[in-house]
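Visitor: no FASTA, just this:
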């Protein structure tokens, strides 16, 4: 069974600075996808960024980028120029290429300090 | 805002009762997945429906059941409610095609007393 581990329950960063959230996963599959979701107090899960395992290039979406280390099974999220609106719970998630079930980590609560 | 809507937003039930939660999927999506998110935890997969058939189930007892309708909306039913069923229940819809993302609703907060 696949597992996703987020070892940082809480992180904080000064506004406009850069922060990195960590995620490791365990799988024996070669075809899979990795995601970072943001969950603000409104509770709705919002997709931040996704990475296909077969792609070597790290995904980037504006201020958000990932460091995907396939051999180490590591998938960290870097947020540059942090903004107050980035404050939320962030969840790392794994999806097999065989189905659409998402396996989530326990989340990291990100606080932005003005 | 995604096109996935869930109702109700909040619900309080008594232990032993039954509850039905509803989800309308995004237009064009034929796959609906349900997740349970306990306080302070990540969401846990309950089950998934694809074109009205259950298509995968997580580690949840049979008193958690579901339906998907021809318009691809879905219901989650929980019988014999227990205190530990108190959680946020999230619905996600997707197109069923590989390499596409799932869109989540805002969830239903269920409290069992």
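Guide: Great, that's in hand. Computed from a prediction, not measured in an experiment: that's the story for all the values here.
Visitor: switch to C-alpha atoms for all contacts and neighbour counts from now on
Guide: Fine.
Visitor: so where does the residue nearest the centre of chain B fall, helix or strand?
Guide: Nearest to the mean C-alpha position of chain B, by Cα atoms, centre = their mean, lies residue B:34 at 3.2 Å. Following DSSP states H and E, one finds residue B:34 within strand B:31-37.
Visitor: ok, that strand: who's next to it in the sheet?
Guide: The strands that strand B:31-37 pairs with in its sheet are strand B:44-50 (antiparallel), strand B:87-94 (antiparallel) (by DSSP bridges).
Visitor: okay, these in CSV with mean pLDDT next?
Guide: Putting those into CSV (pLDDT from 0 to 100) gives the following:
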stretch, mean pLDDT
strand B:44-50, 95
strand B:87-94, 95
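Visitor: pick the most buried one from those strands.
Guide: Highest mean neighbour count of the strands paired with strand B:31-37: strand B:87-94, a mean of 26 (counted as mean count of other Cα atoms under 10 Å in any protein chain shown).
Visitor: which residues pair with residue B:54 across the strands?
Guide: Judged by DSSP bridges, the bridge partners of residue B:54 are residue B:49.
Visitor: tell me, how many residues neighbour it?
Guide: By other Cα atoms under 10 Å in any protein chain shown, the residues close to residue B:54 number 17.
Visitor: one more: residue B:109?
Guide: 21.
Visitor: these two touch, right, it and residue B:91?
Guide: No. With contacts counted by Cα atoms under 8 Å, residue B:109 stays clear of residue B:91, the gap being 11.9 Å.
Visitor: for residue A:103, helix, strand, or coil?
Guide: The local conformation at residue A:103, judged by DSSP: H, G, I helix; E, B strand; the rest coil, is strand.
Visitor: list the contacts of it.
Guide: For residue A:103, the contact set (Cα atoms under 8 Å, 6 or more residues apart in numbering or on different chains) comprises A:2, A:3, A:4, A:93, A:94, A:95, B:43, B:44, B:45.
Visitor: helix, strand or coil for the third one?
Guide: Looking back up the chat, that one is residue A:4. Three-state assignment for residue A:4 (three-state DSSP): strand.
Visitor: which residue, other than its chain neighbours, is closest to residue B:16?
Guide: Leaving out its chain neighbours, the residue that sits closest to residue B:16 by Cα to Cα, 6 or more residues apart in numbering or on different chains is residue B:80, at 4.1 Å.
Visitor: quick one, phi psi at that neighbour?
Guide: With angles defined as degrees, to the nearest 10, residue B:80 sits at phi 50, psi 60.
Visitor: next one: residue B:30
Guide: phi -110, psi 0.
Visitor: what does residue A:85 give?
Guide: Per-residue torsions, residue A:85: phi -70, psi -10 (degrees, to the nearest 10).
Visitor: most neighbours among the contacts of residue A:103, please name it.
Guide: Neighbour counts for the contacts of residue A:103 (other Cα under 10 Å) peak at residue A:93, which has 28 neighbours.
Visitor: do I have it right that that one meets residue A:26?
Guide: No. Applying Cα under 8 Å, one finds residue A:93 not in contact with residue A:26, separated by 11.4 Å.
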